[in-house]
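Asks: Kindly generate the corresponding structure for this input.
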Amino acid sequence: MRFSDPGDLKLGDSDALLIVDAQNDFLPGGRLGVPRGDEIVPVLNKYLDVFRGRGLPVFATCDRHPPDHCSFREQGGPWPSHCVAGTEGAELAPGLALPPSVSTVAKAADPGKDAYSGFEGTDLDDRLRSAGVKRVFVGGLATDYCVLNTVRDAVKLGYAAVLLEDAVRAVNLNPDDGRKAMEEMVRLGARPCVLERLRPACPEASPLLVDLYQIAMLQGYFDRRMEDIAVFEFFVRNLPPNRAFLMAAGLEQVLEFLETLRFSSAELAWLESCGRFTKDFPRRLEAFRFTGDAHAMPEGTVFFANEPILRIAAPLPQAQFIETRTINLLQFQTLIASKAARSVLAAPGKLLVDFGLRRAHGAEAGLLAARASYLAGFDGTATTLAGPLYGIPTFGTMAHSFVQAHDDEAEAFENFALSQPENVILLLDTYDTERAAAKVVSLSRVLKKKGIAVKGVRLDSGDLDRHARDVRRILDAGGLREVRIFASGNLDEYALREFMEKGSPADGFGIGSRLTTSADAPYLDCVYKLVEYAGRPRRKLSEAKDTWPGGKQVFRRYEDGRMKEDTVALEGEPVEGEPLLQAFMRGGRRLRPPDAVSDIRRRAGDQLRKLPGYLRGLDKTSPYPVTISQDLARLARAIDARLKNPADGGESA
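Replies: Residues are numbered from 1 along each chain as shown. Coordinates of the predicted model:
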């Protein structure tokens, strides 16, 4: 039963997200586990994305009980010992993607007094008021205890309260406790809300962001009760002509999509009214969730053609339905990470920054390009939102318009330096690059007296290598040897290679349009294909689009620390080498917290170091050896034989 208001909620500057007691001991398996409590974590992460994207504050309460707390059974209380300060059980859920700026509020630390509310005995009210908060969006554990009491006190203290109905779970000592708690909070004035009602909402989170035929097939599978386990794999058929390898990226967004997949009431209403589906079909989708398994190559892993980087095993309707968005997410980030990795190899040791948002093919593409390029080894991005969303370092200088808006170029430089004293990077090429460099030398003496140092200069037009040399000479002669030169303007890995071959004095580069559009290879020949259904391997024989049957694993062998050869084999087949696909999800739930961006970045760097020399260049080279195992080849031949002789059961092969 849902209580949510049919109207949308629009976020404002006085809103805050308040997460109540999302701690290990309250998750299933903890000392006081709330049934299905772990399901709130991916949903809360979606809310966190929205609030961080708007720059709104996040608060999190957590129990910090002493060992002899009065609520413990050993002390005559109703509960087992839980959330004891300093123990793992008191820590916040490891998969919860809290921002560094989160304000954490400890509660219930008095051994002689219990406190279910996040306001009781804490300074939460003071913190909220100091942040200008007037409305709190509340989610967490548990609906019938700490969430209920926190909402009660919020309303008493004059806050507007919004209850995140999809991000709470109840203890339910009595079967109706959770429902009754929800009813009480609504009666007190709390407004129920679910993610799809929050604005600005992300349209890319909608399950309707699929090819229409996915929904048509979904009804067909339901009508015929085709719900046995299906195995699908995502792979790239052929590498682009100018790529020697690819780098896997986008898995985290796929896992988030799988975790939060559900249809809203508005989406179901549209399906019912569009005239394409039977009346009962949308109702069957009310409980539609992903309940399958996911194995994948971790992000940052180098891979090659015909190697599956994701394997999904789930009931056929689920496994089929996720195809479109899965390809969409994996293809784009893999495309960009692979392009960025080439720049990293072409310009080792140079500062590389993503400058591509403004010409990216949409806002989501710009954000995901910032993430993918950073994972591959870039040092940061100019896309500001990537900072709070992904923890990526952000970089920025100034535009030509800032210089043009002033009557004097030197005055523009000085005004910018006074406004940004810790980040004085000046754009030199609005009028005359070399004259501007001389002005920087003169200005640096004035700024030095004010305790301000010029960090760098940027070049954005003309013969960048020649200008870099001239500017370096002017800066060095003026005593500014420590000032770095940063170049930008239609650059890519080929331009970087040329800079390096010429020994250019440029210290860093902004890579924009050609990165975020992957201009020389704007798409991948990638697919997501059925390889097994109802326990039987399946094989497609379409001309130039044939597939290998069965669920598979990729094994990699090394020689002297470098990649030597890969083998694509059947899952479970004994093959020498390192298995590359790992288990990430079972039964629709993650098996481990999301990989930290820093860990993925380190993995990508390690993978690039293990590339053999002939794959590290930018030009066409001999392909890396990828072989098919004997058992896989034998299975394919057997299926081919059955397909040629339908009397032997070929139609169902």
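
Asks: so where's the longest helix in the protein?
Replies: Ranked by residue count, the top helix of the chain under DSSP state H comes out as helix 323-346.

Asks: buried stuff in stretch 186-199?
Replies: Neighbour counts over stretch 186-199 (16 or more other C-beta atoms under 10 Å) mark 186, 190-198 as buried. Glycine gets a C-beta too; all of them are placed from N, C-alpha and C.

Asks: Can you flag which of those residues belong to strands?
Replies: 191-193, 198 (DSSP state E).

Asks: Just put these in JSON lines and tack on distance to Thr291 and pLDDT.
Replies: Compiled in JSON lines, these are given as follows (distance: C-beta to C-beta, whole Å; pLDDT from 0 to 100):
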{"residue": "Arg191", "distance to Thr291": "31", "pLDDT": "93"}
{"residue": "Pro192", "distance to Thr291": "26", "pLDDT": "93"}
{"residue": "Cys193", "distance to Thr291": "25", "pLDDT": "90"}
{"residue": "Leu198", "distance to Thr291": "25", "pLDDT": "74"}
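
Asks: Could you measure from the closest residue to Arg562 other than its chain neighbours over to Arg601?
Replies: Of all residues not flanking Arg562 in the chain, Pro612 sits nearest, at 4.8 Å (C-beta to C-beta, 6 or more residues apart in numbering). Counting by C-beta to C-beta, to the nearest Å, the gap from Pro612 to Arg601 is 22 Å.

Asks: Which one of the ones in strands among the buried residues of stretch 186-199 is nearest to Leu17?
Replies: Nearest to Leu17 among those: Leu198, at 10.4 Å, using C-beta to C-beta.

Asks: measure stretch 235-248 end to end?
Replies: End-to-end distance of stretch 235-248: 10 Å, with C-alpha to C-alpha, to the nearest Å as the criterion.

Asks: next one: stretch 541-549
Replies: Stretch 541-549 has an end-to-end distance of 10 Å (C-alpha to C-alpha).

Asks: buried residues in it?
Replies: Buried residues in stretch 541-549 (16+ other C-beta under 10 Å): 547-549.

Asks: same check, this time on stretch 555-575
Replies: Neighbour count says stretch 555-575 has 555-556, 563, 566-571, 573, 575 buried, by 16+ other C-beta under 10 Å.

Asks: Same question for stretch 507-521.
Replies: 507-518, 520-521.

Asks: Then stretch 243-263?
Replies: For stretch 243-263, the buried set under the neighbour-count rule, 16+ other C-beta under 10 Å, comprises 243-263.

Asks: Mind checking which of these are in helices?
Replies: Per DSSP H, the subset of the buried residues of stretch 243-263 in helices is 251-259.

Asks: Using JSON lines, lay out these together with pLDDT and distance to Val43.
Replies: Below are these laid out as JSON lines (pLDDT from 0 to 100; distance: C-beta to C-beta, whole Å):
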{"residue": "Leu251", "pLDDT": "97", "distance to Val43": "19"}
{"residue": "Glu252", "pLDDT": "94", "distance to Val43": "16"}
{"residue": "Gln253", "pLDDT": "93", "distance to Val43": "15"}
{"residue": "Val254", "pLDDT": "96", "distance to Val43": "17"}
{"residue": "Leu255", "pLDDT": "93", "distance to Val43": "14"}
{"residue": "Glu256", "pLDDT": "87", "distance to Val43": "10"}
{"residue": "Phe257", "pLDDT": "91", "distance to Val43": "13"}
{"residue": "Leu258", "pLDDT": "92", "distance to Val43": "13"}
{"residue": "Glu259", "pLDDT": "86", "distance to Val43": "8"}
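
Asks: and which of these is nearest to Cys146?
Replies: Lowest distance from Cys146 to those (C-beta to C-beta) belongs to Glu259, with 23.5 Å.

Asks: so who does the closest one touch?
Replies: Listed by C-beta atoms under 8 Å, 6 or more residues apart in numbering, the contact set of Glu259 reads 42, 290, 588-590.

Asks: and if we set it to 10 Å?
Replies: Glu259 sits next to 39, 41-43, 45-46, 95, 289-290, 585, 588-590 when contact means C-beta atoms under 10 Å, 6 or more residues apart in numbering.

Asks: Also Arg284?
Replies: 218-219, 222-223, 268, 277-278, 317.

Asks: Let's see that with 6 Å instead.
Replies: Residues near Arg284 by C-beta atoms under 6 Å, 6 or more residues apart in numbering: Phe222.

Asks: gap between it and Val34?
Replies: For Arg284, the distance to Val34 - C-beta to C-beta - is 28 Å.

Asks: what does Ala365 give?
Replies: 38 Å.

Asks: Compare the two (neighbour count), which wins?
Replies: Using other C-beta atoms under 10 Å as the criterion, Ala365 and Val34 rank with Val34 on top: 27 against 19.

Asks: Helix or strand for the more buried one, just tell me which one.
Replies: When elements are assigned from DSSP states H and E, Val34 belongs to no helix and no strand.

Asks: could you list every residue that touches Phe263?
Replies: So Phe263 contacts 207, 285 (C-beta under 6 Å, 6+ apart).

Asks: I meant Leu591, not that one.
Replies: Ala583.

Asks: Is Ala305 in contact with Asn238, as I believe?
Replies: Yes - counting by C-beta atoms under 6 Å, Ala305 does reach Asn238; the two are 5.5 Å apart.

Asks: what about the two, which has more around it?
Replies: Ranked by neighbour count (other C-beta under 10 Å), Ala305 and Asn238 place Ala305 first, with 16 against 12.

Asks: Can you spell out which helices and strands pack onto the longest helix of the chain?
Replies: Contacts defined by 3 or more C-beta pairs under 6 Å, 6 or more residues apart in numbering; DSSP states H and E place helix 323-346 against strand 246-247, helix 251-259, helix 363-376, helix 493-502, strand 525-533.

Asks: Rebuild the ones you listed as a markdown table, extending it with distance to Arg472.
Replies: Shown next, in a markdown table, are those (distance: least, C-beta to C-beta, whole Å):
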| stretch | distance to Arg472 |
| --- | --- |
| strand 246-247 | 33 |
| helix 251-259 | 41 |
| helix 363-376 | 27 |
| helix 493-502 | 13 |
| strand 525-533 | 43 |
